[in-house]
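> prediction below, plus the sequence it came from.
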Amino acid sequence: MDDFRRVADELAADISAGRLRPGERLPPQRAFARRRGIAGSTANRVYRELARRGLVVGEVGRGTFVRAAERPPGPALSEPAAARVDLELNYPVVPEQGALLAAGLERLRRPDVLGGALGPTGVAGTGAAREAAAALLATSGRRPAPEEVLFAGNGRQAIAGAVAALVPAGGRLGVEALTYPVIKGIASRLGVTPVPIAMDGHGLRPDALEDAHRAAPLGAVYVQPTLHNPCGTTMPEERRAELAGALERLGLHAVEDRIWSFLPGAGPEPLAAHAPHRTVLVDSLSKRLAPGLSLGFAVPPPALAGRVAAALRSGAWGPGGFALEAATGWIAGGAVEAVTRAKRADAASRQRIAAGCLEGADVRSDPASYFCWWELPRHWRAETFVAAAARRGIAVTPAAAFVVGGGAAPRAVRFGLASPPPDVLERALRTLAGIAAGHPDDDAPD
């Protein structure tokens, strides 16, 4: 067995047995190498292996800390947390949406309509579905042609189909240095390596994308220009134009994730409007409507339509006929727009709650967003804060869940605003504010 794996196994056993506890700082790598009598490069590989297993997390300027005995099962953010207040998953539901959507189901009670909805459906959907989706995805500067729209079972499958069409197995996919955790799982299943691209306050940096592509060619880049998850930022129009220019110079395609773009209403045009021949736009209905109703959209440029459609078919990622028919009626009948307006108001209200509860905290978000990014006080590490919140029945997500590769995680957490009732959300956020105002040593378990 390689020396670094043997040493990593020994440390993993210490963590599992509790001899190294969550939050405990490991020695600097040079000191660790001297203590163990191993080369510095071997120590580096040990720490990287422990990070790969999810046992430790690096924090910029602070060192490497024990994370937990083992990585939680399943991909990050995939299942509801066991905590009483779940601020990890973020599926907005407003009280009025049940009645709005129920009215739109009347037509599905007709035997002919229901019979059609229960039959097989391809990734091209139906003519009515394509017309409805094109209208839904239209912005002031761009309306996709109905024949350009393809359908998937949900937004994740639309992303997977786009990535599979653009990046071969063994290839490299550029992603923002902090990104939606699901894209990491998608890349892993497709045999694709996610490559972190540096960001700034306006989002992904085009110069960093060019540097990464020239160092070793990328197959494509995945980007969230509007309400970036987890940072909550929206890329300004000028940056989108710069990114479009970089895509053209590099001959590179982008997968533009527009899942949260329904919340801001008016805003910068999609990246697809700036680089229409270089961008596959993806969107879905689960956040717009409800987690129990999933339908994904992919709008590739015409030259890529066949490849994306083939990827969706080969992955068995096509839409369900019932969901497609129901969504078509809801879009055409105005129910989706009505629910969207209600969710915009709900998100703004919850942002006001967060602002009131966390006044003075270093919280970054957008007034239209359902999530926030919190840079913690210097005396808190993200993992320690998450553990302290969990002891009070509140689940939040540490920054490490969003980090790509072996990079160090910021001292930050992401929390969602959508899941609990407003009064429960307020109590939870005030509790978190109280934790942050204290000291980790005062909160340590017995």
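Structure received. Numbering: from 1, shown residues only.

> who are the contact partners of Gly125?
Gly125 sits next to Ala133, Val149, Leu150, Phe151, Pro319, Leu324 when contact means CB atoms under 8 Å, 6 or more residues apart in numbering. Bear in mind the C-beta positions are built from the backbone N, C-alpha and C, glycine included.

> same thing with Ala361?
Trp374, Ala433, Ala436.

> next one, pLDDT for it please.
pLDDT for Ala361: 95.

> that one and Phe385, how far apart?
12 Å (CB to CB, to the nearest Å).

> what about Gly265, neighbour count?
10 (other CB atoms under 10 Å).

> equivalent analysis for the one 10 residues further on, please.
The burial metric for Ala275, expressed as a neighbour count using other CB under 10 Å, is 22.

> so what's it up against?
Leu243, Ala244, Leu247, Glu248, Ala254.

> tell me the two of those residues that are most distant?
For the contacts of Ala275, the farthest-apart pair by CB to CB is Glu248 and Ala254; their separation is 10.9 Å.

> identify the contacts common to Ala361 and Phe385.
Common contacts of Ala361 and Phe385 (CB under 8 Å, 6+ apart): Ala436.

> quick one: residues contacting the residue nearest to Val7 when sequence neighbours are not counted.
With sequence-adjacent residues excluded and distances taken as CB to CB, 6 or more residues apart in numbering, Val7 is closest to Val46, at 4.9 Å. Applying CB under 8 Å, 6+ apart to Val46 gives the contacts Phe4, Val7, Ala8, Leu11, Phe32, Ile38.

> what does the pLDDT read for Val46?
88.

> so it sits in a helix?
Yes. Val46: assigned to a helix according to DSSP: H, G, I helix; E, B strand; the rest coil.

> now it: how far from Thr64?
Here Val46 is placed at a distance of 10 Å from Thr64 (CB to CB).

> what score does the closest residue to Glu237 other than its chain neighbours have for pLDDT?
Nearest non-adjacent residue to Glu237, counting by CB to CB, 6+ apart: Pro268, 4.5 Å away. pLDDT, Pro268: 90.

> likewise Gly40?
Value for Gly40, per-residue pLDDT: 86.

> that one: neighbour count?
Using other CB under 10 Å, Gly40 has 12 other residues around it.

> any idea how far Ala43 is from the closest residue to it other than its chain neighbours?
Spatial nearest neighbour of Gly40, chain neighbours left out: Ala33 (4.8 Å); criterion: CB to CB, 6+ apart. According to CB to CB, Ala33 stands 4 Å off from Ala43.

> the two - which one has more neighbours?
Ala43 (23 against 18).

> I figured the more buried one was touching Phe32, is that so?
Yes. Assessed by CB atoms under 8 Å, Ala43 is found in contact with Phe32 at 5.0 Å.

> quick check: closest non-adjacent residue to Pro236.
His202 (5.7 Å).

> what about this protein, any weak spots by pLDDT?
Filtered on pLDDT under 70, the chain yields the residue ranges 1-2, 59-62, 68-83, 117, 442-446.

> middle-most residue in it, spatially?
Tyr180 (2.2 Å; CA atoms, centre = their mean).

> which phi and psi values does it adopt?
phi -60, psi 120 (degrees, to the nearest 10).

> kindly report the same for Asp362.
With angles defined as degrees, to the nearest 10, Asp362 sits at phi -90, psi 70.

> can you name the residues bridging to the residue lying closest to it once chain neighbours are set aside?
Nearest in space to Asp362, with sequence neighbours left out and distances taken as CB to CB, 6+ apart, is Glu375 at 4.0 Å. For Glu375, the beta-bridge partners under DSSP bridges are Asp362, Ala412.

> count of neighbours near Glu375?
Glu375 sits with 16 neighbouring residues when counted by other CB under 10 Å.

> SS state for Gly434?
Classified using three-state DSSP, Gly434 is helix.

> next, count neighbours for it.
As a burial measure, Gly434 scores 11 neighbours (other CB under 10 Å).

> check the gap between it and Arg391 for me.
13 Å.

> quick one: buried residues of stretch 276-292?
By 16 or more other CB atoms under 10 Å, the buried positions in stretch 276-292 come out as 276, 278-290.

> which two of the residues you listed lie the greatest distance from each other?
So, the buried residues of stretch 276-292 by CB to CB: farthest apart are Arg278 and Ala290, at 32.8 Å.

> for Gly63, give its distance to Phe262.
Where Phe262 is concerned, Gly63 sits at a distance of 41 Å (CB to CB).

> what about those two, which has more around it?
Between Gly63 and Phe262, Phe262 has the larger neighbour count (other CB under 10 Å), namely 24 against 15.

> and that one, helix, strand or coil?
Here Phe262 is recorded as coil under three-state DSSP.

> was I right about it contacting Ala342?
No. Contact criterion CB under 8 Å: Phe262 and Ala342 do not qualify, at 11.5 Å.

> kind regards, and thank you for your time.
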